[in-house]
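Novice: Provide a 3D model corresponding to the input given below.
(one chain, ligands or ions: 1)
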Amino acid sequence: MSNLDRQAALSVCGGRGFVVSEPVRELLSPRRVQLGESTEVRRLLPNLGRRMVGGWTFVDHYGPDDIADEPGMQVPPHPHMGLQTVSWLHDGEVLHRDSTGSLATIHPRELGLMTSGRAISHSEESPEPHARFLHGAQLWVALPDADRNTEPRFEHHTDLPVVTAPGLSATVILGDLDGATSPGTTYTPIVGADLTLARGATTSLPLDRDFEYAVLAMSGEAHVDGVPVLPGSMLYLGCGRTELPLRAESDAGLMLLGGEPFEEEIVMWWNFVGRSHEEIAQARQDWTESTRFGEVKGYDGGPLPAPELPPVALKPRGRVR
Ligand code: MN
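Specialist: Alright, predicted model coming up:
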């Protein structure tokens, strides 16, 4: 999905300065953002005071929306740079097209993983016909400096590993959890997992002491380390944990996001992750002039225009509020 915010704000993030080295329980409220005419998303990252969790730098939760009589998701061709996008669904489908020629329909609990590298463009839409409900999350992972100019590619993984415990089923989206490893390509030590909890389940997940973590609630009523986390909210957990207690008051769906704190300072604007104002401005110009980001074939409609750059020069300057 694209950041369709017309007042796209600069976000400076990364660096160790803002990482909490011990376990904490910091509840993050979503910011409601309108995407197009019919879709409203709840943005958890970047958030006021919390910009990244490991390499995870962007988290939108959307739905469940009844789109039986609606076009559903309609995100025209738009560019990305310096990041990976993760498409994750609990209900519905998303048809993905990109400038490397990919054409894929993503279904619930399949991984659509797009590595933009130096430049890619893609579109995302609800296919016709589509399921009645659309519910999912759109996430971005920042690429480290050594890999951010890699060749663009798209991966569609339909058979991800699943870890089970009484009352818990965990699908490993990226990285590894309890010895099970996702086939998705990663560039920094990171983990993403989808957690399905049965009503009444009391369990715990093994964590890596060196990672920072957060849990996004997708559905149901669950307590994460004793804190009730409502759907559309995210609990930041800090570092220094070896396990995470979970309890489900009803059937519940969560996402565990974590990773080694991202050391590099980055500049994020619109759909780009870079290291300087000049890079971001160049990417915007290249998209506007239809150079570098390739072409998405088959989407019924024109590409998304870039918003205006903010008047102030974008500079990485550590984690700021
Ligand atoms: Mn996108």
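
Novice: Contacts made by stretch 103-112 with the rest, please.
Specialist: For stretch 103-112, the external contacting residues (Cβ atoms under 8 Å, 6 or more residues apart in numbering) are 85-97, 127, 136, 154-158, 160, 171, 173-174, 182, 184, 194, 298. The way it works is simple: take the backbone N, C-alpha and C, and place the C-beta from them, glycine included.

Novice: What subset of those is buried?
Specialist: 85-97, 136, 154, 156-157, 160, 171, 173-174, 182, 184, 194 (16 or more other Cβ atoms under 10 Å).

Novice: name the element residue 244 belongs to?
Specialist: Residue 244 is located in strand 243-248, with elements delineated by DSSP states H and E.

Novice: ignore the last one, residue 256
Specialist: strand 252-259.

Novice: Go ahead and flag the most central residue of the chain.
Specialist: residue 139 (0.8 Å; Cα atoms, centre = their mean).

Novice: distance of the residue nearest to that one when sequence neighbours are not counted from residue 129?
Specialist: Leaving aside its chain neighbours, residue 139 sits nearest to residue 86 (4.3 Å; criterion: Cβ to Cβ, 6 or more residues apart in numbering). Counting by Cβ to Cβ, to the nearest Å, the gap from residue 86 to residue 129 is 25 Å.

Novice: confidence score at the nearest residue to residue 292 once chain neighbours are set aside?
Specialist: Distances taken as Cβ to Cβ, 6+ apart place residue 286 nearest to residue 292, at 4.1 Å, with adjacent residues excluded. Per-residue pLDDT puts residue 286 at 98.

Novice: and residue 286, which of the three is it?
Specialist: helix (DSSP: H, G, I helix; E, B strand; the rest coil).

Novice: Please identify the residue most distant from the middle of this structure.
Specialist: Outermost residue of the chain (Cα atoms, centre = their mean): residue 200, 28.5 Å.

Novice: Okay, buried residues for stretch 190-204 please.
Specialist: So, applying 16+ other Cβ under 10 Å, buried residues of stretch 190-204: 190-197, 201, 203.

Novice: Find the pair from those residues with maximum spatial separation.
Specialist: Largest separation among these by Cβ to Cβ: 190 and 201, giving 25.6 Å.

Novice: Surely residue 126 touches residue 68?
Specialist: No - using Cβ atoms under 8 Å, residue 126 makes no contact with residue 68, being 10.9 Å away.

Novice: OK, contacts around the residue farthest from the centre of the chain?
Specialist: So residue 200 contacts 167, 248 (Cβ under 8 Å, 6+ apart).

Novice: Residue 134 now?
Specialist: Counting by Cβ under 8 Å, 6+ apart, residue 134 touches 62-65, 67, 72-73, 89, 91-92, 126.

Novice: so it bridges to which residues?
Specialist: Residue 134 has the following beta-bridge partners by DSSP bridges: residue 65.

Novice: Give me the pLDDT for it.
Specialist: 97.

Novice: How about residue 7?
Specialist: So residue 7 comes in at 58 (pLDDT).

Novice: Check residue 123 too.
Specialist: So residue 123 comes in at 97 (pLDDT).

Novice: Distance of it relative to residue 311?
Specialist: Here residue 123 is placed at a distance of 30 Å from residue 311 (Cβ to Cβ).
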